[in-house]
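Asks: Sequence plus predicted model, see below.
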Amino acid sequence: MKLCKKPIVRVCLFLLAAVPAYCQRSTFGIDVGQTSDRFGALPRVSGLEFDIDGQVTVLHSNPKTGRPAIVAGGEVDLPTDTGNHAKEYAVYGGPVFQFHNLSIGVNGQVRKIYLPPSTVDNQFFVRNKMELLEIPIVLKYTFGQSKRAFVQVQGAPEFSPHWKSGGSLVALPNPNFDHGYFIRGTAGYDFGKWYAKATYQTRYFRFIENAGNPTNLYNWRSDKIMGGIGISF
């Protein structure tokens with residue numbers, strides 16, 4: 001509980017303080033599932049993870065004028081084993097355009113990723129922390145009775161990260177970014193005051209092998225399968 005308390009408070013304060021009370025229409029959800037990570041040629045490791053997310057509609061759309069809705073939100077990813085899996089914090093915001101059953105959003109997103117350390121050939125290697133600017137496209141389609149069922153897809157190419165020390169006693173050069181991406185797919189059902197959903201996400205980073213990325217230890221492939229519930233208010 002101590003692990004989750006601080007990130008939950010951060011997300012809630014952000015959502016509640018970002019906009020006046022009269023325009024809030026919010027969701028808050030908790031997911032649990034498995035994350036599977038592989039760094040370089042090291043063995044893939046799987047573990048339990050909890051994800052917390054929240055979103056608020058800052059400004060509702062206006063179909064008569066074509067004005068999009070404006071949303072803001074945040075995410076916290078908390079693996080139980082931070083020695084092998086990354087914990088993440090993110091905040092985002094952007095417009096959402098509605099076309100009947102389909103909505104299209106563009107989010108400006110800032111994400112901080114605490115990469116786990118590693119041991120290779122009996123040497124302890126502390127990876128630097130990544131700070132990312134992401135601009136994912138978010139597509140959501142509702143269907144079925146009262147349009148309660150939904151599927152959502154979002155994804156984006158990754159840009160070159162900004163690096164900060166992860167606590168290594170020896171200053172290491174930063175790895176040189178090659179390419180990366182993330183894709184997330186979600187399916188769920190809205191029961192009114194609460195909803196249920198299942199999510200799959202894959203993320204990949206590749207860096208040039210050099211002194212800043214010895215034996216490709218920064219190259220990272222992450223896959224997550226999550227399921228959870230949330231409330232709407």
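Replies: Sure thing, it's come through. Keep in mind that what you see is a predicted model, and the values were worked out from it rather than measured. Numbering: from 1, shown residues only.

Asks: per-residue confidence for the spatially most central residue of the chain?
Replies: Centroid-nearest residue in the chain, with Cα atoms, centre = their mean: Glu75, separated by 5.8 Å. We have a pLDDT of 97 for Glu75.

Asks: Confirm for me that it is in contact with Asp51.
Replies: Yes. Using Cβ atoms under 8 Å, Glu75 is in contact with Asp51, at 6.8 Å. For the C-beta atoms, the positions are set from N, CA and C on the backbone; glycine is no exception.

Asks: Downstream of the helix or strand harbouring Asp31, the next helix or strand is which one?
Replies: Per DSSP states H and E: Asp31 is located in strand 26-39. Using DSSP H and E, the helix or strand that follows strand 26-39 in sequence is strand 45-59.

Asks: gap between that next one and the chain center?
Replies: Distance of strand 45-59 from the chain centroid (Cα atoms, centre = their mean, to the nearest Å) equals 7 Å.

Asks: what are the pairing partners of that strand, and which direction each?
Replies: According to DSSP bridges, strand 45-59 has the following sheet partners: strand 26-39 (antiparallel), strand 69-79 (antiparallel).

Asks: Pick the most buried one from these.
Replies: Per-stretch averages of neighbours, counted by mean count of other Cβ atoms under 10 Å, single out strand 69-79 among these, with a mean of 21.

Asks: Put the alpha carbons of that strand into CSV.
Replies: What follows is strand 69-79, C-alpha atoms only, in CSV (Å, rounded to 0.1, in the frame of the first residue of the first chain):
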residue,chain,number,x,y,z
ALA,A,69,-13.2,18.2,-26.4
ILE,A,70,-10.0,18.8,-24.4
VAL,A,71,-8.9,16.1,-22.1
ALA,A,72,-6.1,15.8,-19.5
GLY,A,73,-4.9,12.8,-17.6
GLY,A,74,-2.1,10.8,-16.1
GLU,A,75,-0.7,7.3,-15.7
VAL,A,76,1.4,5.4,-13.2
ASP,A,77,2.9,2.0,-13.8
LEU,A,78,4.1,0.2,-10.7
PRO,A,79,5.8,-3.2,-11.1
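
Asks: How far away from the center of its chain is the next helix or strand after it?
Replies: Sequence order places strand 87-99 as the next helix or strand after strand 69-79, per DSSP H and E. Here strand 87-99 is found 10 Å from its chain centre; the criterion is Cα atoms, centre = their mean.

Asks: got the angle between strand 87-99 and strand 69-79?
Replies: Inter-element angle recorded for strand 87-99 and strand 69-79: 150 degrees (by axes from the mean of the first three to the mean of the last three Cα atoms, to 10 degrees).

Asks: for strand 87-99, packing partners?
Replies: Where contact means 3 or more Cβ pairs under 8 Å, 6 or more residues apart in numbering; DSSP states H and E, strand 87-99 is packed against helix 2-18, strand 69-79, strand 102-106, strand 108-114.

Asks: strand partners of the shortest one, parallel vs antiparallel please.
Replies: This points to strand 102-106. Its sheet considered, strand 102-106 pairs with strand 87-99 (antiparallel), strand 137-143 (antiparallel) by DSSP bridges.

Asks: Next: the last one.
Replies: Strands adjacent to strand 108-114 in the sheet, as given by DSSP bridges, are strand 87-99 (antiparallel), strand 129-134 (antiparallel).

Asks: avg pLDDT for the last one?
Replies: Read that as strand 129-134. For strand 129-134, mean pLDDT is 96.
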